[in-house]
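Trainee: Kindly return the folded structure for what I paste below:
(one chain, ligands or ions: 1)
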Amino acid sequence: MDIQWFPGHMAKARRMIEKEMRLVDVVIELRDARIPESSRNPLLNEIIGKKKPRLIVLNKADLADANRTQYWINQYKSDTRLAIAVNATSGRKKLISAVVDALHTLTAEKRERFQSKGATNVPIRVMVVGIPNVGKSTFINMLLGRGATTTGNKPGVTKGKQWVRLTDDIELLDTPGILWHKFDDQEAGNRLAMTGAISDEVFVFEEVVFWFLKFAQEKYPALLASRYELDEDEVGTMDTYALMQTIGRKRGAIVRGNKVDDLKTARIIMKDYRDSKIGRMSLE
Ligand code: G4P
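Mentor: Below is the predicted model:
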């Protein structure tokens, strides 16, 4: 898999986000809870600086394995970072409360400093960044209690941005900074493809789903067995291509000559995964 972003767009995105950063006290970095490492842009450290407080929001947690999500939350916690898991599509009150609590924790010192200088009215400024399709617009719209708007997926910061009060002491930039995907290995590419983070035109479905099945056989055989009505012990040990063919046959992905259609099978399995029909499954 070879997915290239245009270097000009990446440089522009970086410049735009760097410019906004001067006004920002805390960065909210959205990642996909199912693939918290593959859905980050490792250059973000450089772009925003390691010291700027950062809230890592593991979004789409409703689709991820809760144990893995908790593992990552613990991993990411440091002096300047906190991580929380959310579902940006439902429960506005819960979402606001989780985000605001975390932002208050991350900015406690700064707010104290403001207050000791008598500057009680200075809001903490927050900006959301993340790769395409990670849920940035959904997250911002849910926080601000407004209907969906499209922001487009070109790296950078969308035009027409403005600061909106979230609470008395927090202001949110209403449009996100869009980062590009950066991954160095095939497995990370497979993970991004399975979760729908990269466009379907740029990868080979059969290869990605073959990788996925192999992974799921090892980590989540019970979920596979249950979804496709197979024996759990068999699922865990059988040849991966044979498993793919068995699923294809069961789901009617047959072509002339009673042969299994690999592409159709791969599409069915990928859709099942993306729609969470197989169950909550994290890929790292
Ligand atoms: P972006 O701005 O980062 O590009 O992402 P956007 O908000 O457009 O969200 C991308 C898709 O992810 C949307 O699905 C949205 O509903 C879904 N999504 C966002 N947050 C969550 C979450 O916490 N849980 C779940 N389950 N889904 C979430 P969509 O409109 O159906 O788009 P698509 O899936 O057809 O691309």
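
Trainee: and the residue of the stretch 51-200 of the chain at minimum distance from the ligand, how many neighbours?
Mentor: As assessed by Cβ to the nearest ligand atom, the ligand sits closest to Gly135 within the stretch 51-200 of the chain, at 3.0 Å. In this view, the C-beta of every residue, glycine as well, is placed from N, C-alpha and C. For Gly135, the count of nearby residues is 22 (other Cβ atoms under 10 Å).

Trainee: any idea what sits nearest it, other than its immediate chain neighbours?
Mentor: If the residues on either side of it in the chain are set aside, Gly135 comes closest to Asn59, at 4.3 Å by Cβ to Cβ, 6 or more residues apart in numbering.

Trainee: What's opposite that neighbour in the beta bridge?
Mentor: Note on Asn59: beta-bridge partners by DSSP bridges are Asp32.

Trainee: if I pick it, what's in contact with it?
Mentor: Contacts for Asn59 (Cβ atoms under 8 Å, 6 or more residues apart in numbering) come out as Leu30, Arg31, Asp32, Ala33, Val86, Asn87, Ala88, Val134, Gly135, Thr138, Phe139.

Trainee: And it, how close does it get to Lys52?
Mentor: Asn59 sits 20 Å away from Lys52, taking Cβ to Cβ, to the nearest Å as the criterion.

Trainee: just Ala216 next, same as before
Mentor: For Ala216, the distance to Lys52 (Cβ to Cβ) stands at 37 Å.

Trainee: the more surrounded of the two?
Mentor: Neighbour totals were compared for Ala216 and Lys52, and Ala216 leads with 25 against 17 (other Cβ under 10 Å).

Trainee: thinking that one is in contact with Leu224, fair?
Mentor: Yes - under the criterion of Cβ atoms under 8 Å, Ala216 lies in contact with Leu224, with a separation of 5.2 Å.
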